[in-house]
Structure formats: structure tokens, C-alpha cells
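Engineer: Prediction below, plus the sequence it came from.
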Amino acid sequence: MRAEYGKILVRFFKNSLIREMTFRGHFIVNVASEIGWVAMMLIFIKVIFANTPDVRGWTESQYLFLMGTHMLVTSIFEAFFFGNCWRISELVRTGHLDFVLVRPANTQFLLSLERINYPALANVPVGLGLCGYSLLEIGQAVSAGQVSLFALLIVASVAILYALLFTFAIMSVWLIRQTGVDHLWFYAVSLARYPAEIYRHFAGGTLWFVLVFVFPVLMVSNLPANVMVRAFEPTMVAYILVVAVVLVYLSTRVCHIALSWYRSASS
Amino acid sequence: MKKYWVVFRIALSERLVYRADFFISTFLRFIPIITTILLWKAIFDGSGKAQVGGLAYSQMVSYYLLVMVVRAFGSMPRLATGISTDIRDGELRKYLLQPIDYLTYLVTLRIAHKLVYIVMAAGPYSIVFWLCRDYMPGWPSGVNAVLSVVTLVLALCLGFGINALIGLMGFWFLEVASFIHVFMTAQYFLSGHMFPLGLLPDGVQQWVLLLPFAYETYYPTMIMLQRLETGEALRVIAVQFVWVCVLFVAGRVAWNRGLRRYAAFGG
């Protein structure tokens, strides 16, 4: 059974690659636009740190590392899951979800991974480069344990984002309309991009609390970066790992319930 | 003129269909601003300075809020993409066959959309501005109010001119969608949407301020923020006007030349 899912996944990867190869120019422009974006962010960071030695305790190098981590997390998510989550409400609205349901494999698996967006992966080396550069600037050795924990937390971050967006997307079964997955993603990304500490100084920390414990997007990016270049907080690490597992499990439950409600569209 | 009046009325009623969605999404637009403001709070606290880049903290907050107003006038979502798609898919024929001028038609459409948007957004914007009243610069003088209205209208024309010109590139390049993406990213930075251009190092700033983008967002916002002397504001408005004329002529030239090579693809 497991081997078959492996085979399906490989087939998805190949199909997506073939689709991508028909628009090769797209890939190059995508890389160019990302490099432009990074250049702009770097200028912004220079502007920020020309005026202050730190942002709520984050030095310039640490902030660079956060930016690199954020790029890693978001580009991995965008490459594997964003397009798939975004497509779900369209599948529901048009009734094409039927063709996914009749296939003899787990529906959530098929819905989540059918299309891989390879150009988004262009950001992975850029993010890693930023992280590496920042570590050189900090000049402190990192242990193999830290690196493995960092990798694990990146996976947990992607899993949290996936669970939140997938659950949101699958609700279109009830709404039968665009659920605005792209908007939710935009807000999640813009909230998670900055040091989490900046939210503690607003509305008595209520916003911080909500973004950590209710709609937990704030520890994404922040926590992996913390582990590498700032402090290791065991409770937060444990919390994020538990949240990732629980949210992914909940997404499978919601998916199950939603699909049992599904009544197809048109004739 | 009468036919454009009809276009205008149809576009008005079409826009009034989705009122509830509109109300919610207008509020959601302020979420990224909260994040940006909290980041600036952290920067001001860290710097210990009363002013950063010539702006006090309250002025920085109102800068980002007023940018929203300026963008409500100047932003032209999907205009460039729409034009280039019409060219690429051969949809343009539809307009060429009618006794209607395509660009005038688009301007009419946009003005109607903008009017609806501005009237409907006035409510949510007033609520947000009232909540943030301690940060706002206070009621403008009569002169400043007039200058603000003029600069906003010119920002709208400038936004249309720039985006239409980019869209018309579709006559020469079949696939401009990815280019438009790069352009939008650059515009976000160069127009002062990301942060006030006064923060840029002098060497970079003098060049960036020469581009038309600065007159799309940065300068109009500074006028509304009451940070420019009347003489300087008048200079800004004059330059805006010159840019609008230049873009108008360039747009016409591009349109006439483009039509000559237009091949009307598609079925």
C-alpha cells in the first residue's frame, strides 16, 4: 500500500515537471522576480538597522536569518501545497471533485499533492543562502543537533500552514464558492514574516496570544530561526510539534466530514 | 460621449453587486498595516530617536494609513494583465469592431470602479482613521484639502497611464504576465508603498525620486500628511501632470503602433 502511494507521488512530480517544462520562460522570470523581491527586502532591512541596533532583541544578522527561514518555509509550502489548496474550491464548484473521489486512493492525499509548483522551489536556495550568510556574520558554530532540530521545525511549520489552509479550503464543500485561500495565505505570510516579539507590545499582547495559540501562524518561521540563532525554548518547541500533529490530524477529520456532505455539482 | 456614459453606468451597477464581501475585505486590507506599524513601533523604540527619516512615529503610522487612501485611487488591479490578455487572446477584435475607443472605454470603466470603491470604502476607512485619530495629522487646511484632492486625481491618472502602458507591451511580447509580476513588485518598492522613500540613503533616493512611481504614492501621501510646503506640493502636482501627459502620449503611440502589428490571434 505504502509503495503505491510512493509511485503516485513520483507520478505527480513527473506530471507537474512536464507541465512546467512547457513554460520554461516562466521559471526564469520567477527566479528573477524573487531575486528582485529579496533585494528589496535587503534594502528595507538595511534601512531598518541604519536607524536602530535591534528590533525587539533581533540584531541585523539574526533578522536576516529569520528572513531566510521565512523564505524556506513559505516556498516549500507554495511549491507543494498552495496551488493544490487553492484549486479545491474550484473543484467543488465545478463538480470536478467527483473525478478525484472515484480514484482508489486517499482523497486528501490526491487533493494535497497532485500539482507541484516547481518555480516556487527557486526560493529554497535563496533562503538557504541568506541563512548561511547570516550564520557567517554571526560567526558562531552551530551543532548538528541544532541543524536537525531546525529541519524538523521547518517541516512542522509547513505542516501547520498546510493544515490551516487545507482545512479552510475544504470548507468550500459547505460554502460552494471561493473561500479565499489566496487571501488567507497572504495574511498568514504577512503576519509571520516579522519577529514575533513585535506583537507582544500591542493590545496587551492579545494579538500575540491569538497568533500563537488560536491561529498559530506566528511561531512558523520564528521558532526555527530562534533555535538556530537565538534561544532554544524547549516548551515552545514541544508546543509547536504537538500543534503540527494535532492540526494535521484535525484536517483529516474535517476533510472526512466535509466529503461526506459533498453532493456534487450540476448533472 | 454618450456611449461612454452608458459604459460608466453599467460598470457602476455591476460593482454594487458584491457589497458584503466588499465591506469585510476592506477591513482585512488593514491587517498587513497593523504588522507594519508594530514593526515601526519596535524600530522607534529600539532607536530611541524621536524621528526616523524625518518622520515621527505618529507620522509614520499615518503615512501607512494614508498610503491606503492614495492606493485606493492609484492602484489598477488587473489592468495591465487585462489589456495584455485581450491582445493575446484576440479579444481585442471585439472592441475594434465597435465604434468605441478601447483605451477610453477602459478609462471609463476604471473611473466607475474607483468611484464605487471610494464611496463604499469611505465608511470602513473612516472607522479605521477614527480609531487611529491620535496618530493622524489633524484636519487639513483649505489649501491642503484642495491640493490633496488634485494630487489624488492625478495619482489615479498616473496609475492608469503606467499600467496601461505595461499592458500594451502585449502587442510586442505575447507573454507579459510574468513581466507584470516583476513590475508590480518593483512598483511596490519604488512608489513608496513599502516604506517612505525619504528613508532611502541619499545616493539611491535622488534617483528613485526621479521616477514616475514616486509620484504615484510617495509624494501624494506626503501632501496628505501635510509634510510638504505649498510651493513644494505645487511642484509635485506639476510633475505629476507632466508625467500623466507623457504617459498619455506614450500610450497613444504604443496603441497606434501596436495595432499595426496586431495579428488577432484566437478563434
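Structural biologist: Nice, I can see it. Residues are numbered from 1 along each chain as shown, chains lettered A, B, ... in the order given.

Engineer: Next, give phi and psi for B:Gln51.
Structural biologist: phi -130, psi 140 (degrees, to the nearest 10).

Engineer: How about the one 3 residues further on?
Structural biologist: B:Gly54 adopts backbone torsions of phi 80, psi 0, taken as degrees, to the nearest 10.

Engineer: Wondering if the helix or strand bottoming out on mean pLDDT in chain A reaches chain B at all.
Structural biologist: Within chain A, no helix or strand scores below helix A:172-175, which has a mean of 81 by mean pLDDT, DSSP states H and E. No - among the residues of helix A:172-175, none lie within reach of chain B under CB under 8 Å from any CB of the partner chain; the closest is 12.2 Å away. Using the backbone N, CA and C atoms, a C-beta is placed for each residue, glycine as well.

Engineer: how about that helix: buried residues?
Structural biologist: Across helix A:172-175, burial judged by 16 or more other CB atoms under 10 Å in any protein chain shown covers A:Ser172, A:Val173.

Engineer: distance between that helix and the chain's centre?
Structural biologist: Once both centres are worked out by CA atoms, centre = their mean, to the nearest Å, helix A:172-175 turns out to sit 23 Å from its chain's centre.

Engineer: same deal with stretch B:164-173?
Structural biologist: 19 Å.

Engineer: And it, what's buried?
Structural biologist: Residues B:Ala164, B:Leu165, B:Ile166, B:Gly167, B:Leu168, B:Met169, B:Gly170, B:Phe171 are the ones in stretch B:164-173 that count as buried (16+ other CB under 10 Å).

Engineer: which residues of the stretch 101-250 of chain B score low on pLDDT?
Structural biologist: For the stretch 101-250 of chain B, not a single residue meets the criterion pLDDT under 70.

Engineer: What pLDDT does the model give residue 28?
Structural biologist: Picked chain A for this. A:Ile28 carries a pLDDT score of 75 in this model.

Engineer: try chain B instead
Structural biologist: As predicted, B:Leu28 sits at a pLDDT of 77.

Engineer: now swap in the one 5 residues further on and tell me
Structural biologist: Note for B:Ile33: predicted pLDDT of 86.

Engineer: returning to that earlier point: which of the buried residues of stretch B:164-173 sits closest to B:Tyr63?
Structural biologist: Of all the buried residues of stretch B:164-173, B:Ile166 has the smallest distance to B:Tyr63: 26.2 Å, by CB to CB.

Engineer: Tell me the residues of chain B that contact chain A?
Structural biologist: Counting by CB under 8 Å from any CB, chain B sits next to chain A at B:25, B:28, B:31-32, B:34-35, B:38-39, B:41-47, B:49, B:52-53, B:175, B:178-179, B:181-182, B:185-186, B:188-189, B:194-195, B:199-201, B:204.

Engineer: Please pick the buried ones from those residues.
Structural biologist: B:32, B:34-35, B:38-39, B:41-44, B:46-47, B:52-53, B:178-179, B:181-182, B:185-186, B:189, B:194-195, B:199-200.

Engineer: what's the distance between the host helix or strand of B:Val69 and the middle of its chain?
Structural biologist: Element membership for B:Val69, per DSSP states H and E: helix B:57-74. Remark: helix B:57-74 is offset 12 Å from the chain centroid, using CA atoms, centre = their mean.

Engineer: quick one on the thing from earlier: out of the residues of chain B next to chain A, which are inside strands?
Structural biologist: B:Val52 (DSSP state E).

Engineer: so who does the closest residue to B:Thr36 other than its chain neighbours touch?
Structural biologist: Among residues not flanking B:Thr36 along the chain, B:Tyr64 sits closest, at 5.7 Å (CB to CB, 6 or more residues apart in numbering or on different chains). By CB atoms under 8 Å, 6 or more residues apart in numbering or on different chains, B:Tyr64 lies in contact with B:Ile33, B:Thr36, B:Ile37.
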